[in-house]
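[1] fold the following, please.
(one chain, ligands or ions: 1)
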Amino acid sequence: MLDDKYVTEKKVEITIDGKTYYLPMVVGSEGEKAVDIRSLRAQTGCITLDSGYMNTGSCCSKITFLDGEKGILNYRGYRIEDLAEHCSFIEVAYLLLHGYLPTVGELNYFGQLLAKFALLHEDMVHFFDRYPPNAHPMSILSSMVGSLVSFYPEMVNNPLENIDLMASRLLSKLRTIAAFSYRKSLGHPLVYPRHDYSYCANFLNMMFESPVRPYEVNPVEVAALNKLLILHGDHEQNCSTSTVRMVGSARVNLYASISAGISALWGPLHGGANQAVIEMLEQIHLKGGDYKKYIERAKDPKDSFRLVGFGHRVYKSHDPRSRIIKRACDDVLSAMNMASDPLLAIAKELEEVALKDEYFIERNLYPNVDFYSGIIYRAIGIPMNMFTVMFALGRLPGWIAHWKEMWDDPDTRIGRPRQIYTGPCQREFVSIEERKLGDR
Ligand code: SDX
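    Residues are numbered from 1 along each chain as shown. Sure thing, here's the model as predicted:
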């Protein structure tokens, strides 16, 4: 909700057809400025046009602040660097959902809820029997999450009173669905969640535990996964979060809104980029490692190839998440005694060359969150088609926090953008008998 304290005395003047109008100016808690155009059409008869909403704010939010020019990312006022260094993913999920870091007692209670809701209804487990083995796990994720309301309809109509229960149910079950989709794709028996494992340890165990060989959850992998999920926790009004808000604005239940967000995240321009980065690095490696050829292709306007993992709608300097993940790559690979990963070496060389190239400099193209994350997922043994699923696991607390904020905001209206029509003007109707091909 827009608090009056953010509306400045000074108005913005706009002159259209010789007439001057005055619109409110809004300045956010971190100094971001906006022209409040909610009365624009009523006053002037005009709308604004902004494809991709590059200059348009859809709401006021207290969850995440990011400064694309300075490479700043804060969740509820806390620096992402501090959270990634000192917290567990569930601690940060609690922060995103409630607006404050939990006490030991609050965190333990949240952990107990996650354990309580970790199982999937056995009738839903049978859904997996009908997916083909090569089904992409993002398609499974979005359809299973959309089906949750059929099995857990309670609380759906009064979500805010039960948001802790609904959020922990979703956080815990999404993890189970993700791991089950992997096991089913291998035709392996499902490994059920354990009450005595932490969020990330449970996920790894459900993914890799095997009756035919000993499996020990590796604390290095658990720490790396916590860090990666934290870094994906939220990112203000990105495509998938805006989708969750848009769908939820029609008063759609939380599960169906999150299912829509999962579908938006799947896109290769969005969360699907982490899988596309590894595919790109593998292609460069297989073809002899000549990464400079790919830099030239990315610069060629006639070539649709883009340097995946580079560029960002908001960050016009470095993506702070990418820097943290790049450092974590070296730590994780050496802690796991993995010989230096050739793909990591190519990624680092790509970054070094690109950041000195005029094309990338002029367009403020830097590595984003997806550029290095796949290196760690791959080192842990997570298959490539699960990389975007990992992004969804991380982003889920952010999606829920935004859905809750939207649902609870008295300023919220159903999302319904306008448009400028550029099609044919009024035409006379012609009966089918009189229509001729040449009359188009
Ligand atoms: C995520 O919004 C979020 O917060 C998203 C996210 C999150 O946490 O939710 O951060 C996660 O989605 C990260 C982005 C992952 N996607 C990719 O890595 C795909 C590759 N990147 C691009 O497709 C692109 O940079 C976008 C989609 C990320 C941003 O697109 P924009 O803001 O619409 O920018 P644009 O497409 O208009 O590009 C501007 C210019 C163009 O050149 P010109 O027409 O001006 O000559 O930069 C060029 C583009 O061709 N360009 C690239 C490029 N990205 C942009 N050229 C080569 N390689 C690239 N990767």
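[2] neighbours of the residue in the stretch 251-400 of the chain positioned nearest to the ligand, how many?
    When scored by C-beta to the nearest ligand atom, the stretch 251-400 of the chain has Gly311 as its residue closest to the ligand, at 2.3 Å. For glycine as for every other residue, the C-beta is placed from the backbone atoms N, C-alpha and C. The criterion is other C-beta atoms under 10 Å. On that basis, Gly311 has 21 neighbouring residues.
[3] now it, nearest residue through space, not along the chain?
    With C-beta to C-beta, 6 or more residues apart in numbering as the measure, Leu365 is the residue that lies nearest to Gly311, at 4.5 Å, once sequence neighbours are left out.
[4] now do the contacts for the residue nearest the centre of the chain.
    Geometric centre of the chain, nearest residue: Arg395, 4.9 Å, by C-alpha atoms, centre = their mean. If a contact means C-beta atoms under 8 Å, 6 or more residues apart in numbering, then Arg395 has 232-235, 240-241, 261, 265, 271 as its contacts.
[5] got a pLDDT number for the residue of the stretch 251-400 of the chain closest to the ligand?
    At Gly311, the pLDDT value in this model is 93.
[6] contacting residues around it?
    Residues near Gly311 by C-beta under 8 Å, 6+ apart: 363, 365-366, 368.
[7] which residue packs closest to His188, ignoring adjacent ones?
    In space, His188 comes closest to Ser210 once its chain neighbours are excluded; the distance is 7.5 Å by C-beta to C-beta, 6+ apart.
[8] what is the neighbour count of that neighbour?
    Using other C-beta under 10 Å, Ser210 is surrounded by 11 other residues.
[9] tell me the pLDDT of it.
    For Ser210, the predicted pLDDT is 93.
[10] pretty sure it contacts Leu186?
    No - with the criterion set as C-beta atoms under 8 Å, Ser210 and Leu186 do not qualify as a contacting pair; they are 10.1 Å apart.
[11] that older thread, so the residue nearest to the centre of the chain sits in a strand?
    No - Arg395: not assigned to a strand; according to DSSP: H, G, I helix; E, B strand; the rest coil it is helix.
[12] count the neighbours of the closest residue to the ligand within the stretch 1-150 of the chain for me.
    Nearest residue of the stretch 1-150 of the chain to the ligand (C-beta to the nearest ligand atom) works out as Gly52 at 5.9 Å. Number of residues near Gly52 (other C-beta under 10 Å) recorded here: 8.
[13] three-state assignment of it?
    Assigned by three-state DSSP, the conformation of Gly52 is helix.
[14] next, the contact list for it, please.
    Listed by C-beta under 8 Å, 6+ apart, the contact partners of Gly52 are Arg313.
[15] quickly note the distance from it to Tyr152.
    Here the distance between Gly52 and Tyr152 works out to 35 Å (C-beta to C-beta, to the nearest Å).
[16] the chain against the ligand: which residues are in contact?
    Proximity of the chain to the ligand is confined to 52, 235, 238, 269-270, 273, 298, 306-314, 363, 365, 368-370 under the rule C-beta under 6 Å from any ligand atom.
[17] of these, which belong to helices?
    Secondary structure of the residues of the chain next to the ligand is defined by DSSP state H; positions in helices are 273, 298, 370.
[18] what separates the residue of the stretch 1-150 of the chain closest to the ligand from Cys239, distance-wise?
    Here the criterion is C-beta to C-beta. By it, Gly52 lies 9 Å from Cys239.
[19] any low-confidence regions in the stretch 101-250 of the chain?
    Within the stretch 101-250 of the chain, no range satisfies pLDDT under 70.
[20] would you map the helices across it?
    Taking DSSP state H, counting those that start in this stretch as the criterion, the stretch 101-250 of the chain carries its helices at 104-116, 122-125, 137-151, 163-186, 199-208, 219-231, 239-248.
[21] what would these look like in CSV with distance to Gly438 and mean neighbour count?
    What follows is these, written out as CSV (distance: least, C-beta to C-beta, whole Å; neighbours: other C-beta atoms under 10 Å):
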stretch, distance to Gly438, mean neighbour count
helix 104-116, 67, 15
helix 122-125, 57, 13
helix 137-151, 44, 20
helix 163-186, 54, 21
helix 199-208, 62, 22
helix 219-231, 59, 22
helix 239-248, 43, 23
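[22] so for Arg321, which of the ones you listed sits nearest?
    Set against Arg321 and scored by C-beta to C-beta, these come closest in helix 219-231, at 4.4 Å.
[23] where do the strands of the stretch 301-440 of the chain begin and end?
    All residues of the stretch 301-440 of the chain lie outside strands when identified by DSSP state E, counting those that start in this stretch.
[24] check which helix or strand Pro24 maps to.
    For Pro24, the enclosing helix or strand under DSSP states H and E is strand 19-27.
[25] by contact count, what packs against that strand?
    The contact analysis (3 or more C-beta pairs under 8 Å, 6 or more residues apart in numbering; DSSP states H and E) places strand 19-27 against strand 7-16, strand 33-35, helix 40-44.
[26] around the residue nearest to Gly311, how many other residues sit close by?
    Residue crowding around Leu365 was assessed by other C-beta under 10 Å; the count is 20.
[27] what's it sitting at in phi/psi?
    When read as degrees, to the nearest 10, the backbone of Leu365 gives phi -100, psi 120.
[28] can you offset everything so residue one is 17?
    Sure, I'll start counting at 17 from here, so that last one is Leu381.
[29] excluding covalently adjacent residues, which one is nearest to Pro209?
    Of all residues apart from its sequence neighbours, Ala134 sits closest to Pro209 (C-beta to C-beta, 6+ apart), at 3.6 Å.
[30] residue contacts, that neighbour?
    Ala134 sits in contact with 188-189, 191-192, 209, 211, 218, where contact means C-beta under 8 Å, 6+ apart.
[31] quickly note the distance from it to Ser184.
    From Ala134 across to Ser184, the span is 10 Å (C-beta to C-beta).
[32] as TSV, the helices of the stretch 117-266 of the chain with distance to Ser338 would be great.
    Compiled in TSV, the helices of the stretch 117-266 of the chain are given as follows (distance: least, C-beta to C-beta, whole Å):
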stretch	distance to Ser338
helix 120-132	28
helix 138-141	36
helix 153-167	22
helix 179-202	23
helix 215-224	21
helix 235-247	9
helix 255-264	18
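[33] wait, which of these is closest to Arg57?
    Nearest to Arg57, of all these, is helix 255-264, at 19.9 Å by C-beta to C-beta.
[34] and that closest one, how far from the chain's centre?
    10 Å (C-alpha atoms, centre = their mean, to the nearest Å).
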